[in-house]
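Participant: Sharing a model prediction with you, sequence too.
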Amino acid sequence: DCLDACERLAQLGLTEVQQREIIRVDPHCDFHLTQRSHSYKITLQLCLWDFLRDVGETSVGGVEVIKSQDNDAGFDVKSTSPLRMKNIAKSYAWWIAKDYCTLTIFKPVDFTVLKTQTRTFLKELLIKLFIASQVSSPMLTNDAGDYPSMRNRGSLEGIFLKASRIENLGLSVG
């Protein structure tokens, strides 16, 4: 099981860099690993930024990443499969809903000039985020009959209120 695998991975004596790379290799362990270390949360953020650059958001990733790239060189926009995009959106929605990371990971995204794939991804992420904020375990199906019948407005508000406390987060939106 995943918990046992995570425990065994923790006992391998890996360097911090190797430990963070586990998230890129085995996303099933992410849930348990992010509970342990701030460096895993940073890796989640960096993985998201890598994904967003892959789908064409070349300005995402912080000043140092942008400086290290020649204007458009080095970024090969990939066509990401709809299934991969949905799975990544579902994962990040769960992590955000359960406070393993926050919406602040989107701070470097300029929402005024999003590429088509990014808009599709964010739409899926928000849908999954609304659902994940209402359930205690991840949804394994997309069957609307499995959605919770009761709504908890407070949990969803809490997710967005955490992000609203960050200065300059909404500058690219307004």
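Facilitator: Nice, I can see it.
Participant: quick one: least confident helix or strand in this protein?
Facilitator: helix 30-33 (a mean of 53; mean pLDDT, DSSP states H and E).
Participant: Show me what counts as buried in whatever helix or strand comes next after that helix.
Facilitator: Where DSSP states H and E defines the elements, the next helix or strand beyond helix 30-33 is helix 38-54. Using 16 or more other Cβ atoms under 10 Å as the test for burial, helix 38-54 gives 40-41, 43-49, 51-54. C-beta: built from backbone N, CA, C; applies to glycine.
Participant: and if you look at stretch 93-113?
Facilitator: Judged by neighbour count using 16+ other Cβ under 10 Å, the buried positions of stretch 93-113 are 93-98, 100-103, 105-109.
Participant: Kindly report the same for stretch 111-130.
Facilitator: Buried, per 16+ other Cβ under 10 Å, within stretch 111-130: 114, 117, 118, 120, 121, 122, 124, 125, 128, 129.
Participant: Closest to residue 82 out of these?
Facilitator: residue 120 (8.0 Å; Cβ to Cβ).
Participant: looking at it, the closest one is touching residue 86, isn't it?
Facilitator: No: the criterion here is Cβ atoms under 8 Å, and residue 120 misses it with residue 86 at 9.4 Å.
Participant: residue ranges with poor pLDDT in this structure?
Facilitator: Within the chain, the segments meeting pLDDT under 70 span 1-7, 9-10, 14, 16-39, 62-78, 139-148, 166-174.
Participant: which residues of it fall in helices?
Facilitator: Taking DSSP state H to define them, one finds helices in the chain at 2-10, 16-25, 30-33, 38-54, 63-67, 82-97, 116-132, 153-164.
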